[in-house]
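Q: no sequence on this one, just coordinates:
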């Protein structure tokens, strides 16, 4: 038996359900209407429903009622479970473990925390600390890189430096 680990999309859907109980169509609409969320991730509706199924199977959300749809079919409204609430809070408060995950996961956390009126400063400080360690490692690798891989090493170092500058701006805002 495989243990369930929520995907980034699962966490985003769970956070939206934590904001207010809603059905899949409303979540998909929210994901395509909120400019900040659209800039982070473009999601097709079937993936939202797949995410809802995974979250329900994991016991993180539960159906609470049905509503009539505009074209007659009923829509199931989902609410977070106690476990879903704590899982969402823990995810929103956690740093990403690698810079490659910052583009979608960290930005999604910042957007969702902003929507929930949570400060991003503490998360940005913790994230900056980890990324500063990566920057030092990337700089060392760049200095010791073979000529044929120096460009890739430089790219990684400059990318993490840009992320650190962004985190600094979040911290000082």
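A: Received, thanks. Not measured: the values here are computed from a predicted model. Numbering: from 1, shown residues only.
Q: now stretch 124-135, how far from the chain's geometric center?
A: On the basis of Cα atoms, centre = their mean, to the nearest Å, stretch 124-135 sits 18 Å off its chain's mean C-alpha point.
Q: Do me a favour and average the pLDDT over it.
A: Stretch 124-135 shows an average pLDDT of 97 in the prediction.
Q: ok, and what's touching that stretch?
A: Applying Cβ atoms under 8 Å, 6 or more residues apart in numbering, the external contacts of stretch 124-135 come out as 95-99, 102, 106, 110, 157, 160-161, 163-164, 167-168, 170-171. (Glycine included, C-beta is placed from N, CA and C.)
Q: Stretch 157-172 now?
A: Contacts of stretch 157-172 (Cβ under 8 Å, 6+ apart): 99, 102, 110, 120-121, 124-125, 127-128, 131-132, 134-135, 138-139, 141-142.
Q: Narrow the contacts of stretch 124-135 to just the buried residues.
A: The neighbour-count test (16 or more other Cβ atoms under 10 Å) marks 95-96, 99, 102, 106, 110, 157, 160, 163-164, 167, 170 as buried among the contacts of stretch 124-135.
Q: The nearest residue to residue 41 once chain neighbours are set aside: what's it in contact with?
A: Nearest residue to residue 41, sequence neighbours excluded (Cβ to Cβ, 6 or more residues apart in numbering): residue 104, at 5.8 Å. By Cβ under 8 Å, 6+ apart, the contact list for residue 104 reads 8, 40-41.
Q: Tell me the gap between the worst-scoring helix or strand of the chain on mean pLDDT and the middle of its chain.
A: Least confident helix or strand of the chain, by mean pLDDT, DSSP states H and E, is strand 61-68 with a mean of 90. Relative to its parent chain, strand 61-68 has a centroid offset of 24 Å by Cα atoms, centre = their mean.
Q: Mind giving me the packing neighbours of that strand?
A: If you count contacts as 3 or more Cβ pairs under 8 Å, 6 or more residues apart in numbering; DSSP states H and E, strand 61-68 packs onto helix 45-57, strand 74-80.
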